[in-house]
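Colleague: pasting the sequence and the predicted coordinates here, then a few questions.
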Amino acid sequence: MPNRFIVGNWKMHKTISQAETLIQDILALYQPNPSVELAVAPPFVDLQAVSKLLTSTPIHLAAQNVCAKDEGAFTGEISPSMLKDLGCHYVIIGHSERRHLFGESNHMINEKIHAALHHDLHPIFCIGERLEEREAGHSLSVIQHQLQTGLAGVKTQDFHTITIAYEPVWAIGTGKAATVEEATEVHAAIRSSLSTHWNIDSTHIRILYGGSVTAENAKALFHSPHINGALVGKACLNSESFVKIAEISA
Ligand code: PGA
């Protein structure tokens, strides 16, 4: 498993034809590097078209969300097996926009993590504090709580399939990324919490940083030994900046 992992979270951007163009542009620019893994997370409606274009390429497909149920009367939801069927390898779970705009609780997120693991979908589990929590000095306790509730009941042997993304809410979409020191402090705390709470060797767990990552600030962030890659929003909608971030991470 490459130590560097760069994931593009397209959020609610790109129609099918726009998605095809973006992927073709990324594939034209990207020179695969064995130390870096790349994944894209387009909207649900684009997954099939993007999946076809990614066949036989080293870029993995991710979904942005998943339902915790296998099937049934759950209007508007998408099940883990539907995502597997479309070729998804990863799924983003617990993104702050899901938590704060759509009311996802730590408990719901925990159910989604278990559902994804059950179907062999690898979770990219997002955690992060809000500005008022940081200003009150509660960043690390918020992170610990999100980790412990979100990952409750996860078996030791499943941890190698889980990626953690630390995304401070105040840094997402604001243009104000965390400093390397701020991110490193939280990443180190996440790693130590995984080791003490779950008794696992957390040196092998990939912990990404997310929140206003750009081709300009990526280099400094990737200098930190605790930061294994990035979950990129705005900058991944442009093929050049997304590929540049991947190159910088190598
Ligand atoms: P941003 O989004 O890079 O636009 O801040 C990151 C994310 O929400 O994952």
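Modeller: All right, it came through fine. Numbering: from 1, shown residues only.
Colleague: tally up the residues packed near the residue in the chain that the ligand sits nearest to, please.
Modeller: Going by Cβ to the nearest ligand atom, the ligand is nearest to residue 233 of the chain, at 2.1 Å. To be clear about C-beta, it is placed using only N, CA and C from the backbone, and glycine gets the same treatment. Neighbourhood size, residue 233 [other Cβ atoms under 10 Å]: 23.
Colleague: distance from the chain centre to the top helix by length along the chain, please.
Modeller: Identified as the longest helix of the chain according to DSSP state H is helix 180-198. Centroid separation between helix 180-198 and its chain, computed with Cα atoms, centre = their mean, to the nearest Å, is 16 Å.
Colleague: can you tell me if the helix or strand following it touches the ligand.
Modeller: As assigned by DSSP states H and E, the chain's next helix or strand after helix 180-198 is strand 207-210. Yes. Strand 207-210 reaches the ligand (Cβ under 6 Å from any ligand atom) through residue 210.
Colleague: buried ones in whatever helix or strand comes next after strand 207-210?
Modeller: Sequence order places helix 218-222 as the next helix or strand after strand 207-210, per DSSP H and E. Using 16 or more other Cβ atoms under 10 Å as the burial criterion, the residues of helix 218-222 that qualify are 218, 221, 222.
Colleague: who's sitting farthest from the centroid in this structure?
Modeller: Centroid-distance maximum for the chain: residue 73 at 27.9 Å, with Cα atoms, centre = their mean.
Colleague: which positions in the chain make contact with the ligand?
Modeller: Proximity of the chain to the ligand, by Cβ under 6 Å from any ligand atom, involves residues 9, 167, 172-173, 210-213, 231-235.
Colleague: how about the helices in this structure?
Modeller: Here the chain has its helices, by DSSP H, at 16-29, 47-54, 80-85, 96-101, 106-118, 131-135, 139-150, 180-198, 218-222, 239-249.
Colleague: and those as a markdown table, adding distance to residue 37 and mean pLDDT?
Modeller: Converted to a markdown table, those look like this (distance: least, Cβ to Cβ, whole Å; pLDDT from 0 to 100):
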| stretch | distance to residue 37 | mean pLDDT |
| --- | --- | --- |
| helix 16-29 | 14 | 98 |
| helix 47-54 | 13 | 98 |
| helix 80-85 | 18 | 98 |
| helix 96-101 | 23 | 97 |
| helix 106-118 | 18 | 98 |
| helix 131-135 | 30 | 95 |
| helix 139-150 | 22 | 97 |
| helix 180-198 | 18 | 95 |
| helix 218-222 | 14 | 95 |
| helix 239-249 | 9 | 97 |
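Colleague: for the residue positioned nearest the centre of the chain, give the beta-bridge partners.
Modeller: Nearest to the mean C-alpha position of the chain, by Cα atoms, centre = their mean, lies residue 124 at 4.2 Å. Going by DSSP bridges, residue 124 is paired in beta bridges with residue 92, residue 163.
Colleague: contacting residues for it?
Modeller: Contact analysis of residue 124 by Cβ atoms under 8 Å, 6 or more residues apart in numbering lists 7, 62, 90, 91, 92, 93, 163, 164, 165, 208, 231.
Colleague: Serialize the residues you listed to TSV and add fields for neighbour count and pLDDT.
Modeller: Shown next, in TSV, are those (neighbours: other Cβ atoms under 10 Å; pLDDT from 0 to 100):
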residue	neighbour count	pLDDT
7	25	98
62	25	98
90	23	98
91	26	98
92	26	98
93	28	98
163	24	98
164	28	98
165	27	98
208	24	98
231	28	98
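Colleague: is it true that residue 176 touches residue 170?
Modeller: Yes. Taking contacts as Cβ atoms under 8 Å, residue 176 lies within contact range of residue 170: 7.0 Å.
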